[in-house]
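Visitor: next comes the sequence, and after it the predicted model I'd like to discuss.
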Amino acid sequence: MQSELTEFLDAKVSTFFPDDGRWKSSCFKRESTVSEIYLPCHLRDTEWLSLLMIQKYKLSSQTKEAVKMYINSSTYFNILRNDYEQKIVKWQIHYMLNNGENWITDARYGGDFYCLSPMCDYAFRKGIVDTLVAIGMDIDAIEEGIEKNANIWRDIHMCIAFDNQYNPRMFRNPLNKENHALLKEADGEFKEKWLQYRRYQYYQNHKVSVDKYGIVTNDMQMTEQEAKSLALYLKQKSDERLQEIQEYNQRINHPFQQTQMEEPDFCSFSDEDVLSRRKENKYVKKLQKFFQKVHF
């Protein structure tokens, strides 16, 4: 009986999971209803998966225990499930990169306007985790997807974070074009070393996941002494640059002041904090209309 069922399911499950990782906002409800639309919410729920499999392949309800055994023991099924989970994480990253709506943001990192924050790289990563955990995804699968796709989101957001802090174009007076030249771009060497330290911080915060799923860069492998020395350099350069920005704002009599957000120490978060630091978040609103009003 079990061998026959295994052979039958092996021939069927190649089409059990969708071809892409797209999911619907209804997944936030995490309904127990056995329907393919809720599959992303129940990928590690053997009971629910067995019911969907019985429904999909028109099996007898008496086979449920045998189907559950298949789900728990089949290497082939688990490979397919993992592949689908990775599709979901990658789809979520691309969705967020393209201003997709209804993912969970954290007020500590800028909330709905996270991309204007000097912590937007923290906000983006945490948004992936919090959103997919909220729909029932496995945390290890999420971490795997984040690190395997780090090249498409991490450095981009680190660069934006730096510019939000040290190249605040949005605070320039669009009516006074002559004053635009008064604030030069931040020093290129300062930016590069800041990014090196940011990657080091990232590794300290997510070491387990990077070691297991990602790529450890040279920047991440600085010694503690090298990191401390670099941090002192960056503190001096940061103070100098923020002073330049303040003087610039005073020169043009700008009514806005740059919002400063305290950057965390390099050991402030651990991998376990991915879940433990989750609080009530609100969903992001579409920023497109706002950005049309902002002068960059």
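Guide: Good, I have the coordinates.
Visitor: who does the helix or strand Lys87 falls within touch, helix- and strand-wise?
Guide: For Lys87, the host element (DSSP states H and E) is helix 75-97. Helix 75-97 sits against helix 120-134, helix 139-148, with contacts defined as 3 or more Cβ pairs under 8 Å, 6 or more residues apart in numbering; DSSP states H and E. Yep, even glycine has a C-beta here, placed from its N, CA and C like the rest.
Visitor: tell me what the helix or strand just after it is packed against?
Guide: As assigned by DSSP H and E, the chain's next helix or strand after helix 75-97 is strand 104-105. The contact analysis (3+ Cβ pairs under 8 Å, 6+ apart) places strand 104-105 against helix 120-134, strand 282-283.
Visitor: residues in contact with the residue lying closest to Leu97 once chain neighbours are set aside?
Guide: Among residues not flanking Leu97 along the chain, Trp153 sits closest, at 6.4 Å (Cβ to Cβ, 6 or more residues apart in numbering). Listed by Cβ atoms under 8 Å, 6 or more residues apart in numbering, the contact partners of Trp153 are 93, 96-97, 124-125.
Visitor: quick one on the thing from earlier: what's the angle from the helix holding Lys87 to helix 139-148?
Guide: Per axes from the mean of the first three to the mean of the last three Cα atoms, to 10 degrees, the angle that helix 75-97 makes with helix 139-148 is 60 degrees.
Visitor: what residues sit buried inside helix 75-97?
Guide: 77, 80-82, 84-93, 95-96 (16 or more other Cβ atoms under 10 Å).
Visitor: next: stretch 2-14.
Guide: Neighbour-count burial for stretch 2-14 flags 6, 9, 13 (criterion: 16+ other Cβ under 10 Å).
Visitor: now the helices for this structure?
Guide: Applying DSSP state H to the chain gives helices spanning 2-12, 46-56, 64-73, 75-97, 120-134, 139-148, 154-166, 188-205, 207-213, 224-251, 273-276, 288-293.
Visitor: most tightly packed of those?
Guide: Compared across the helices of the chain, helix 120-134 shows the largest average neighbour count, a mean of 23 (mean count of other Cβ atoms under 10 Å).
Visitor: average pLDDT across that one?
Guide: Here helix 120-134 scores 97 as its mean pLDDT.
Visitor: residues contacting it, please?
Guide: Against helix 120-134 from outside (Cβ under 8 Å, 6+ apart): 28, 88-89, 92-93, 96, 103-106, 109-110, 114-115, 117, 139, 142-143, 145-146, 153-154, 157-158, 160-161, 164, 198, 202, 264, 274-275, 278, 281, 284.
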